[in-house]
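In: Let me see the structure of the following:
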Amino acid sequence: MRLLVIGGVAAGLSAAARARRIDPSLEITVIERGPAISYAACSLPYYLEGQVRDLEELIAFTPERFQRERNITVRTNAAAEAVRHSRRQVLLAGGEAVPYDRLVIATGARPAGCGIEGALQPHVFKLHTLEDARRLRAFLLERRPRRGVVVGAGYIGLETAGALRAHGLAVSVVDSGVGVLGRQDPELTGMVAEHLKRFHIELHLGVK
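Out: Residues are numbered from 1 along each chain as shown. Prediction:
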């Protein structure tokens, strides 16, 4: 039985590892479009701030370690372009067809562009992958911007606001929700808003 998992990081690797525990005889392959399969995404703001010096410190598993410890093959830089379910194949960007008997799609979340005009401009960033963090940190160190706006008042958004503030930027956080950290908790939101205010970070909720 061939199990193919599309997507690494938390969801994909957890699914593959669980499948291995259930059935040691499975032939399991994970394909990941990026160069890293397992990293601490929640720590990306600490890299921006400088508390983490090297992105390599955030990598939890390498493909070689996953192969050695779990007997699971992991292929990086392998982007899935299409699923041919009638043929039990996943077509990769380079044209290769990877066969499977069972398929798990665990591609995870993607940061929304929010309809922002100029979302592909050099001064607009996502913070989702190691490469996103590398690009933003290089911009901060080389260009020395004076103002930053963070879209999203979740955990990573607020930590990113703190990282930008540590670089000396005037920072605003914008979120379309009415609370922070993905919760509708007025007391918590009030406490966080006061804390941000102490560090001169503006918080704008209920707006896009």
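
In: low pLDDT regions in this structure?
Out: 113-120 (pLDDT under 70).

In: all strands for it, in order.
Out: 2-6, 27-31, 38-39, 59-61, 73-75, 80-84, 89-92, 97-99, 102-105, 147-151, 170-175, 201-205 (DSSP state E).

In: Could you export those strands as TSV, including mean neighbour count and distance to residue 123?
Out: For glycine as for every other residue, the C-beta is placed from the backbone atoms N, C-alpha and C. Formatted as TSV, those follow (neighbours: other Cβ atoms under 10 Å; distance: least, Cβ to Cβ, whole Å):
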stretch	mean neighbour count	distance to residue 123
strand 2-6	21	32
strand 27-31	21	33
strand 38-39	21	25
strand 59-61	16	28
strand 73-75	19	34
strand 80-84	14	30
strand 89-92	18	33
strand 97-99	14	38
strand 102-105	16	33
strand 147-151	18	10
strand 170-175	20	15
strand 201-205	17	19
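
In: got TSV for those, with distance to residue 53 too?
Out: Putting the strands of the chain into TSV (distance: least, Cβ to Cβ, whole Å) gives the following:
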stretch	distance to residue 53
strand 2-6	32
strand 27-31	29
strand 38-39	15
strand 59-61	14
strand 73-75	26
strand 80-84	33
strand 89-92	34
strand 97-99	37
strand 102-105	35
strand 147-151	22
strand 170-175	23
strand 201-205	24
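
In: For stretch 37-54, measure first residue to last.
Out: 17 Å (Cα to Cα, to the nearest Å).

In: before we move on, back to that, residue 20: which of the strands of the chain is closest?
Out: With Cβ to Cβ, the closest approach to residue 20 among these belongs to strand 27-31: 6.0 Å.

In: Report the central residue of this structure.
Out: residue 128 (3.2 Å; Cα atoms, centre = their mean).

In: Would you mind listing the buried residues in stretch 62-80?
Out: 63, 66, 70, 72, 74-75, 78, 80 (16 or more other Cβ atoms under 10 Å).

In: Distance from the chain centre to it, please.
Out: With Cα atoms, centre = their mean, to the nearest Å as the basis, stretch 62-80 stands 18 Å off its chain's centre.

In: got the contact list for it?
Out: Applying Cβ atoms under 8 Å, 6 or more residues apart in numbering, the set of residues contacting stretch 62-80 from outside is 6, 8, 13, 16-17, 20, 24, 28-38, 90-93.

In: any idea how far residue 93 is from residue 86?
Out: Distance of residue 93 to residue 86, computed by Cβ to Cβ, to the nearest Å: 21 Å.

In: Please apply the same query to residue 165.
Out: Taking Cβ to Cβ, one finds residue 165 at 53 Å from residue 86.

In: neighbour count winner among those two?
Out: With neighbours defined as other Cβ atoms under 10 Å, residue 165 and residue 86 compare such that residue 165 has more, 17 against 6.
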